[in-house]
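S.K.: Turn this into a model:
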Amino acid sequence: MDNLKEENIRRAIWHINRHLEGLWNAQNEEDMKYELFHLQSSMECLERVMNNKKPYPNMDRKGIF
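M.R.: I've put the predicted structure just below:
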């Protein structure tokens, strides 16, 4: 695996963990929906990276923010 792909995987997992923590600490339904949306987005990003695609479908970017 190349370094960029490994780094993208690490970053995607970091984002997933951050949103899981936010979900666990959510105080209301609005916060939960916010974190679930971002968790789903991060999971989709990770899936694209694992399939050797660009992390963000509508951007030329090869790295994860």
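S.K.: And Lys53, how far from Glu29?
M.R.: Counting by C-beta to C-beta, to the nearest Å, the gap from Lys53 to Glu29 is 33 Å. For the C-beta atoms, the positions are set from N, CA and C on the backbone; glycine is no exception.
S.K.: go on, Arg48?
M.R.: Arg48 sits at a distance of 29 Å from Glu29 (criterion: C-beta to C-beta).
S.K.: who's more crowded, these two?
M.R.: More crowded of Arg48 and Glu29, by other C-beta atoms under 10 Å: Arg48, with 17 against 8.
S.K.: gap between the host helix or strand of that one and the chain center?
M.R.: Assigned by DSSP states H and E, Arg48 belongs to helix 29-50. Remark: helix 29-50 is offset 6 Å from the chain centroid, using C-alpha atoms, centre = their mean, to the nearest Å.
S.K.: ok, now stretch 37-53?
M.R.: For stretch 37-53 - counting by C-alpha atoms, centre = their mean - the centre lies 6 Å from the chain centre.
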